[in-house]
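S.K.: Sequence and predicted structure are below.
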Protein chains: 4
Amino acid sequence: MSLPRSGPVRSELARLAILRATVALLTERGYDHLSIEGIAARAGVGKQTIYRWWPSKGAVIAECLLEGMLLTERLRPPDTGDIRQDLTTWLDRVFALLGSAEGEGMLRSLIAAAAEHAEVGLRLRDSLSGSDSISGRLKRAVGTVPNLPEGAPVDEVADALIGAVILRALSRTAIEPGDVDRLLEAVLGR
Amino acid sequence: MSLPRSGPVRSELARLAILRATVALLTERGYDHLSIEGIAARAGVGKQTIYRWWPSKGAVIAECLLEGMLLTERLRPPDTGDIRQDLTTWLDRVFALLGSAEGEGMLRSLIAAAAEHAEVGLRLRDSLSGSDSISGRLKRAVGTVPNLPEGAPVDEVADALIGAVILRALSRTAIEPGDVDRLLEAVLGR
Amino acid sequence: MSLPRSGPVRSELARLAILRATVALLTERGYDHLSIEGIAARAGVGKQTIYRWWPSKGAVIAECLLEGMLLTERLRPPDTGDIRQDLTTWLDRVFALLGSAEGEGMLRSLIAAAAEHAEVGLRLRDSLSGSDSISGRLKRAVGTVPNLPEGAPVDEVADALIGAVILRALSRTAIEPGDVDRLLEAVLGR
Amino acid sequence: MSLPRSGPVRSELARLAILRATVALLTERGYDHLSIEGIAARAGVGKQTIYRWWPSKGAVIAECLLEGMLLTERLRPPDTGDIRQDLTTWLDRVFALLGSAEGEGMLRSLIAAAAEHAEVGLRLRDSLSGSDSISGRLKRAVGTVPNLPEGAPVDEVADALIGAVILRALSRTAIEPGDVDRLLEAVLGR
DNA sequence: TATTAATCGAGACGGTACGTCAGGTCTTACA
DNA sequence: TGTAAGACCTGACGTACCGTCTCGATTAATA
């Protein structure tokens, strides 16, 4: 019972070119300088090809996020069994990223995009705090640290950790030695 | 022994009109529909009068924040002595605000503004998590809940709490009964 | 073997609307009150559509001139065979035009435009003094009046006549009876 | 012997500074880039001091003209007794001026100013064609050339000559050898 | 195999807003 | 009171993008 269709089919090349151009421009110039026209030009694509498939630039970014083109594999926490050690490693990586010009811009761009487009917000939280990432890691650590006793609200703890990082990014406060430890102490207990 | 002042002087009327128009438009239409031109028109002011004193619309918002025109007194947590009760009250209020159309828009607008303008980020964190607000309240509660023993990193706990709320706002997840309790459990312990 | 043409095409409607709006505004308000923004608004057109095709408002005016929308057919001198009679008729018409509010404004507007934009200057001289107009008429009169003997520099005589009219327009001197006769005597001889 | 420095009397220093600044800017940047603000800044004067004494920038220019600060002595025709020779010399000088970047700009600036401000128009015609200049010179040549018989309308002949030069300036046509001769032939006869 | 219809690159269109320049008015502090 | 300075509202500048709408060419399924 499908409608009769003819004609060519969505071009995967165009789709990828668009996503890649979006990532590149987001990295280079930030969310507020990101324009559909810019993406189209960089991707060598007509504007209509973007508007045909995405309702807004937020949706394009959300798809980049979904394809893992924005937050890389590196942002998944390791799992050595020692949660404090793992999160230390992970936070060091995250803060190092935030310390770099492009990483900082990228995260803030994503936050700006999330503030404007519901879908980006959802995906962003999923990518960072969701069960594939911090939340999942914390779940496996239940019972090994004071603040994660049996039955602890793991998702909320994950949100709190990620949220603290985001707040930090928004306030542009320089990261100093001991910050990671204190943050982990706040979240996991001593 | 007075400072030598010469030439005409900045118009306080214009300044206030601009800040008020900014607050009004931010509330009504959100950050991404906020335009300098719109502020000027609403305030009955020339655009140049805005550009003369503020470098960007972010700076205008930061000044609104600084003047307490955006986050009201109501967002300061009560202090009855019982931290869990107080934060429950406060979170209920915050989530109620987030549940309303204008409150949600306002917070997300502020986040968007913070993502684009360093100063807004700083002020926002100060207003929400700073020692006048959550952080200060937590400080007085040290020793009364499991996760706030003597010497606990209070500022980081405050960041975690506020951060969780922000993450929640970004993801537009509906607030459900029990969420407040679980979040407090995550932050303060059982 | 045809030229490959692709993409959308210039809108003739928009072009005409712009030229007509320009003529109307130039007539109503004069050159110095003529603005691109005003033309766009009156024509119901985006500003960019003007800037896309013309480099300056002078160029728009030049195109109006070229299309004969500013200096009408009426400004071509008649040809009855009697040059003095024909130019008298023509100068009467021109001075009558200059005497009217809108005619005077129009010519001075054109002069102002010519002073600022080379192309308008060229077209203006062509329209008034060129071989389709005064110069052509004079050419046919060679040998019939004292100052136009065989081999006389007809183009220069035309320039002198038109130039005198322009100087007159610039100085806003009221036209008085006998002025036309004296001017023709100066140019054609007694 | 003391200069009036300030107080309730018009400052001649300020007046001159304004006129000089006007001449300088008109020469450097042309009429359409001439601004009251620019004049005030260059003259080291408050804007109000200009507005207090002149109704428009045209009036300032007219006063410059009146003071002989714009059209120099050099533009008065010589008088050797031979009108054709004298006007050849004079036209050579004028066309040389028009050939130079600044001279051409200056004349066109004056024309633009004349088109917008009646007073400039009057003064301009006076300066160029008036009895102190071309018209006077022609008057003394009556009877020495074919087109200037006894009783010839000298003022109109002067207007025609000056007008031809102005038309030439407006059309930006390059001056070529023989042009001067042809123009003089047109005006004075062979 | 020819027809048909959706896709593509391109880019013109009516708009909104940008950040800047200047206009002309008004106010302040000084001489 | 005249002046230098400069803030104020207004309005126009020329530019960047928005999202919509053709255009002509290309391409795959349908007839």
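M.R.: Right, received. Where do you want to start?

S.K.: going forward, measure contacts and count neighbours with C-alpha atoms only.
M.R.: Noted.

S.K.: The closest residue to A:K139 other than its chain neighbours and chain C, how far apart?
M.R.: In space, not counting the residues next to it along the chain, A:K139 is nearest to A:V154; the distance is 6.2 Å by Cα to Cα, 6 or more residues apart in numbering or on different chains. To chain C, A:V154 is 55 Å away according to Cα to the nearest Cα, to the nearest Å.

S.K.: Quick check: A:V154 vs C:A24, distance?
M.R.: 72 Å (Cα to Cα, to the nearest Å).

S.K.: mind listing what the nearest residue to A:V94 once chain neighbours are set aside touches?
M.R.: Excluding its sequence neighbours, the residue lying closest to A:V94 (Cα to Cα, 6+ apart) is A:L75, at 7.1 Å. With contact taken as Cα atoms under 8 Å, 6 or more residues apart in numbering or on different chains, A:L75 is in contact with A:W90, A:R93, A:V94, A:L128.

S.K.: A:L13 - how many residues pack around it?
M.R.: 9 (other Cα atoms under 10 Å in any protein chain shown).

S.K.: swap in the one 4 residues further on?
M.R.: By the measure other Cα under 10 Å, the count of residues near A:A17 is 18.

S.K.: Do I have it right that it meets A:I39?
M.R.: No - here A:A17 does not reach A:I39: they are 9.1 Å apart, not a contact under Cα atoms under 8 Å.

S.K.: thinking again about what came up before, between the contacts of A:L75, which is closest to D:P177?
M.R.: A:V94 (78.2 Å; Cα to Cα).

S.K.: show me the contacts for the closest residue to chain C within chain A.
M.R.: For chain A and chain C, the shortest gap (Cα to the nearest Cα) falls at A:G46, measuring 11.1 Å. Counting by Cα under 8 Å, 6+ apart, A:G46 touches A:A40.

S.K.: which two in the contacts of A:L75 are spaced the farthest apart?
M.R.: So, the contacts of A:L75 by Cα to Cα: farthest apart are A:R93 and A:L128, at 13.4 Å.

S.K.: which residues of chain A score low on pLDDT?
M.R.: A:1-5 (pLDDT under 70).

S.K.: how about a cut-off of 50?
M.R.: Filtered on pLDDT under 50, chain A yields the residue ranges A:1-2.

S.K.: about what we covered before: of A:R93 and A:L128, which one has the most company?
M.R.: Taking neighbours as other Cα under 10 Å, A:R93 and A:L128 compare with A:L128 leading, 21 against 15.

S.K.: If you count surrounding residues, which of A:V154 and C:A24 has more?
M.R.: Neighbour count, other Cα under 10 Å: between A:V154 and C:A24, A:V154 has more, with 27 against 16.

S.K.: hang on, isn't that one packed against A:L148?
M.R.: Yes - applying Cα under 8 Å, one finds A:V154 in contact with A:L148, separated by 7.5 Å.

S.K.: which neighbours do these two share?
M.R.: By Cα under 8 Å, 6+ apart, no residue touches both A:V154 and A:L148.

S.K.: And for the residue in chain A that chain D sits nearest to, the neighbour number?
M.R.: Relative to chain D, the nearest point of chain A is A:H33 (32.8 Å; Cα to the nearest Cα). Neighbour count of A:H33, defined by other Cα under 10 Å: 12.

S.K.: What of A:D32?
M.R.: 13.

S.K.: who's in contact with it?
M.R.: Counted by Cα under 8 Å, 6+ apart, A:D32 has contacts A:S109, B:E116.

S.K.: how close does it sit to B:R29?
M.R.: Distance from A:D32 to B:R29, by Cα to Cα: 18 Å.

S.K.: how about stretch A:156-175: buried residues?
M.R.: Within stretch A:156-175, the residues that count as buried by 16 or more other Cα atoms under 10 Å in any protein chain shown are A:156-172.

S.K.: what about that stretch, near chain B?
M.R.: Yes - counting by Cα under 8 Å from any Cα of the partner chain, chain B has neighbours in stretch A:156-175: A:156-157, A:159-167, A:170-173.

S.K.: Can you name the residues in contact with that stretch?
M.R.: Taking Cα under 8 Å, 6+ apart as the rule, stretch A:156-175 contacts A:95, A:98-99, A:104, A:107-108, A:128-130, A:134-135, A:138, A:183, A:187, B:114-115, B:118-125, B:156, B:159-167, B:182-183, B:186-187.

S.K.: Extract the C-alpha trace of it and format it as PDB.
M.R.: Output of stretch A:156-175 as PDB, limited to C-alpha atoms (Å, rounded to 0.1, in the frame of the first residue of the first chain):
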ATOM      1  CA  GLU A 156      20.000  12.300  38.500                       C
ATOM      2  CA  VAL A 157      23.600  12.000  39.700                       C
ATOM      3  CA  ALA A 158      24.700  11.800  36.100                       C
ATOM      4  CA  ASP A 159      22.700  15.000  35.300                       C
ATOM      5  CA  ALA A 160      24.300  16.700  38.200                       C
ATOM      6  CA  LEU A 161      27.800  15.900  37.100                       C
ATOM      7  CA  ILE A 162      27.200  16.800  33.400                       C
ATOM      8  CA  GLY A 163      25.200  19.900  34.500                       C
ATOM      9  CA  ALA A 164      28.100  21.100  36.600                       C
ATOM     10  CA  VAL A 165      30.400  20.800  33.600                       C
ATOM     11  CA  ILE A 166      28.000  22.700  31.500                       C
ATOM     12  CA  LEU A 167      27.600  25.400  34.000                       C
ATOM     13  CA  ARG A 168      31.400  25.600  34.100                       C
ATOM     14  CA  ALA A 169      31.500  26.000  30.400                       C
ATOM     15  CA  LEU A 170      29.000  28.700  30.400                       C
ATOM     16  CA  SER A 171      30.800  30.700  33.000                       C
ATOM     17  CA  ARG A 172      34.100  30.400  31.300                       C
ATOM     18  CA  THR A 173      35.800  30.000  34.600                       C
ATOM     19  CA  ALA A 174      39.400  28.700  34.200                       C
ATOM     20  CA  ILE A 175      39.900  25.200  35.400                       C
END
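
S.K.: For chain A, just list every one of the helices.
M.R.: Remark: helices assigned in chain A by DSSP state H are A:12-29, A:36-43, A:47-53, A:57-66, A:83-99, A:101-116, A:118-129, A:134-139, A:154-171, A:179-188.

S.K.: Could you list every helix and strand in contact with the last one?
M.R.: Here helix A:179-188 is seen to pack against helix A:83-99, helix A:154-171, helix B:154-171, helix B:179-188 when contacts are counted using 3 or more Cα pairs under 8 Å, 6 or more residues apart in numbering or on different chains; DSSP states H and E.

S.K.: Return the distance of the second one from the chain's centre.
M.R.: Pointing back at helix A:154-171 there. 12 Å (Cα atoms, centre = their mean, to the nearest Å).

S.K.: Next, the angle from that helix to helix B:179-188.
M.R.: In terms of direction (axes from the mean of the first three to the mean of the last three Cα atoms, to 10 degrees), helix A:154-171 departs from helix B:179-188 by 70 degrees.

S.K.: Please apply the same query to the third one.
M.R.: Comparing the axes of helix B:154-171 and helix B:179-188 via the same axes, to 10 degrees yields an angle of 150 degrees.

S.K.: Give me the angle between helix B:154-171 and helix B:83-99.
M.R.: 30 degrees.

S.K.: and A:P78, how far is that from A:Q85?
M.R.: 9 Å.

S.K.: coming back round to it: of the contacts of A:L75, closest to chain B?
M.R.: Comparing the contacts of A:L75 against chain B with Cα to the nearest Cα places A:L128 closest, at 10.3 Å.

S.K.: My guess is the closest one contacts A:G136. True?
M.R.: No - with contact defined as Cα under 8 Å, A:L128 does not reach A:G136; the gap is 10.6 Å.

S.K.: Return every residue with contacts to both of these two.
M.R.: Joint contacts of A:L128 and A:G136 (Cα under 8 Å, 6+ apart) do not exist.

S.K.: does DNA strand E sit close to stretch A:32-42?
M.R.: Yes - interface with DNA strand E: stretch A:32-42 contributes A:A41 (Cα under 7 Å from any atom of the strand).
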